[in-house]
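> I'd like to go over a predicted model; first the sequence, then the structure.
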Amino acid sequence: MAITMIAIFLFVGCRPKTVTNPATGKTWMDRNLGASQVATSSTDEAAYGNLYQWGRATEGHESRKSGTTNSKATTAVPGGGNPWDALFITEPERLNDWLSPHDNTLWQGVSGTNNPCPSGFRLPTDEEWEAERLSWVTNDKAGAFGSPLKLTVGGWRNHDEGMVVGDGWFGYYWSSSHPDGPTAHLLHFDAARSHIRSVGRVNGFSVRCIKD
């Protein structure tokens, strides 16, 4: 509850700071959800932000230090004393979901169920991520940070133990596109490449919100 109230305090009555990429014309939040500042480097830990399981609300599970449970959620909506609320849900299969049954309607647009972004913002689509990626000078983490969005390599939270891994090396940012069964899409980049890929929704990755 305390974490949720902090999120509400940050977004209610306080307009998020934004940045616009002149190459795409799109306006985004200037930092990752949960980050305390705009990144000063691709490995700026204060700019890594939180790690969300795809489709979940901002209710505590997204904290890099939240507890874990191996009890899969049976409803997507937090609250009401659910035993998994504010906990990162673990799952032995990496291409799986934190929720049973799957719900492909989550995170779809500004009014989508569990949209974690502030009012007027939403998760980007594959097409919006691809346009940003193609505007980079280089197709890698250097290009990602060199862009107006100053994207970081905040790593991810793994599916089986809930450990934060890959920070300082890999960047992963959720997309709202192509939820299919237990998987969804994201933008991935590292020192050698960047691309859109499909991954299990049970993993925890960064979120950058785009203005609708």
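That came in fine, so what should we check first?

> is it correct that residue 144 falls within a helix?
Yes - assigned with DSSP: H, G, I helix; E, B strand; the rest coil, residue 144 falls within a helix.

> how about the contacts made by the closest residue to it other than its chain neighbours?
With Cβ to Cβ, 6 or more residues apart in numbering as the criterion, residue 144 has its nearest non-adjacent residue at 4.0 Å, and that residue is residue 151. For glycine as for every other residue, the C-beta is placed from the backbone atoms N, C-alpha and C. For residue 151, the contact set (Cβ atoms under 8 Å, 6 or more residues apart in numbering) comprises 39, 42, 141, 144, 145, 171, 173, 189, 208.

> burial check on the residue lying closest to residue 69 once chain neighbours are set aside, number of neighbours?
Leaving aside its chain neighbours, residue 69 sits nearest to residue 87 (4.4 Å; criterion: Cβ to Cβ, 6+ apart). Per other Cβ atoms under 10 Å, the neighbour tally for residue 87 reads 20.

> now do residue 148
Neighbours around residue 148, by other Cβ under 10 Å: 17.

> do the one 10 residues further on as well
Neighbourhood size, residue 158 [other Cβ under 10 Å]: 18.

> next one: residue 105
A count of nearby residues for residue 105, using other Cβ under 10 Å, gives 11.

> was I right about it contacting residue 113?
Yes - contact criterion Cβ atoms under 8 Å: residue 105 and residue 113 qualify, at 6.1 Å.

> OK, contacts around residue 178?
Per Cβ under 8 Å, 6+ apart, neighbours of residue 178: 126, 184, 185, 198.

> out of these, which is most surrounded?
Within the contacts of residue 178, most neighbours by other Cβ under 10 Å means residue 184, with 26 neighbours.

> how about residue 28: which residues does it bridge to?
Beta-bridge partners for residue 28, by DSSP bridges, are residue 19, residue 210.
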